[in-house]
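Colleague: Model the structure of this input:
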Amino acid sequence: MRLIGTFRVIGLGLAITVTGCASPPNADVDAAKAALDKAATDGAGQYAPESLKAAQDARAALEVELKAQEDKWFKSYDKTRELAAAAKAAGDKAAADAVVGKEKADAVAAKAKADAAARTKARLAAVRIGRGQLKTPTKIKDVKPVYPAIARLARVAGVVTIEATIGPDGKVIDAKVVRSIPLLDQAALDAVRQWEYTPPLLNGVPVPVLVTVTINFTP
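Modeller: Reported below is the predicted structural model:
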């Protein structure tokens, strides 16, 4: 009886030891989850979707491993800890990439807003050719319009008239259609917006000017 009792004590001690060594790394798992949640909150889905997807995949691998250990009689969480660390690193990277992505997006938006404001200001201040000592600037870069396939097939032809604002540096900063042929308007605008001129001068000073140009489409 004493021997049996001794074995029972030893067996209980081994069970306690195995259980203690095989405790789930809850803190590591929670840290991985928190990192992924933070990435999502920081806008990784919008600003760093690829990084967020990688973090989600890493988290999914962690969940699969946790489930696998739950079904085992003898558990080992070494791989779980490694996957948790990898998932946390991926989440942290997604959060950092989201911050960088947002900064870039904000910078692009700010530039677009500034450019729009500059175009509006130039358009309002533009002088029409023919006033004072203003001379017609010379075109130095010409881009031919691409004839839209649908217009060509429909045998649509004619002249699109555009009013263009040329900035003080000679680049076209704004353009609008004043005589339209719907199937041809966008092609005409795309071409004119790439044109460049010598800087327009009024009494020797560079100024924005308004010019009227025509684009002739022939099939």
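Colleague: From here on, just use CA atoms for contacts and neighbour counts.
Modeller: Fine.
Colleague: Helix or strand next in line after the top helix by length along the chain, which one?
Modeller: What stands out as the longest helix in the chain, according to DSSP state H, is helix 78-125. Later in the chain than helix 78-125, the nearest helix or strand by DSSP states H and E is strand 127-128.
Colleague: helices and strands around that following strand, which ones?
Modeller: Counting contacts by 3 or more Cα pairs under 8 Å, 6 or more residues apart in numbering; DSSP states H and E, strand 127-128 packs against strand 209-217.
Colleague: Identify the residues contacting the strand it packs on?
Modeller: 123, 126-129, 147, 157-168, 184, 188, 200 (Cα atoms under 8 Å, 6 or more residues apart in numbering).
Colleague: in its sheet, what does it sit against?
Modeller: strand 127-128 (parallel), strand 158-166 (antiparallel) (DSSP bridges).
Colleague: Give the rounded mean pLDDT of the first one.
Modeller: This means strand 127-128. In this model, strand 127-128 has a mean pLDDT of 80.
Colleague: which parts of the helix or strand hosting residue 40 are buried?
Modeller: Using DSSP H and E, residue 40 sits in helix 26-41. Within helix 26-41, the residues that qualify as buried by neighbour count (16 or more other Cα atoms under 10 Å) are 28, 29, 31, 32, 33, 35, 36, 37, 38, 39, 40.
Colleague: Does the residue lying closest to residue 69 once chain neighbours are set aside belong to a helix, a strand or coil?
Modeller: Closest residue to residue 69 apart from its sequence neighbours, by Cα to Cα, 6 or more residues apart in numbering: residue 75 at 5.7 Å. Taking DSSP: H, G, I helix; E, B strand; the rest coil as the rule, one finds residue 75 in the coil state.
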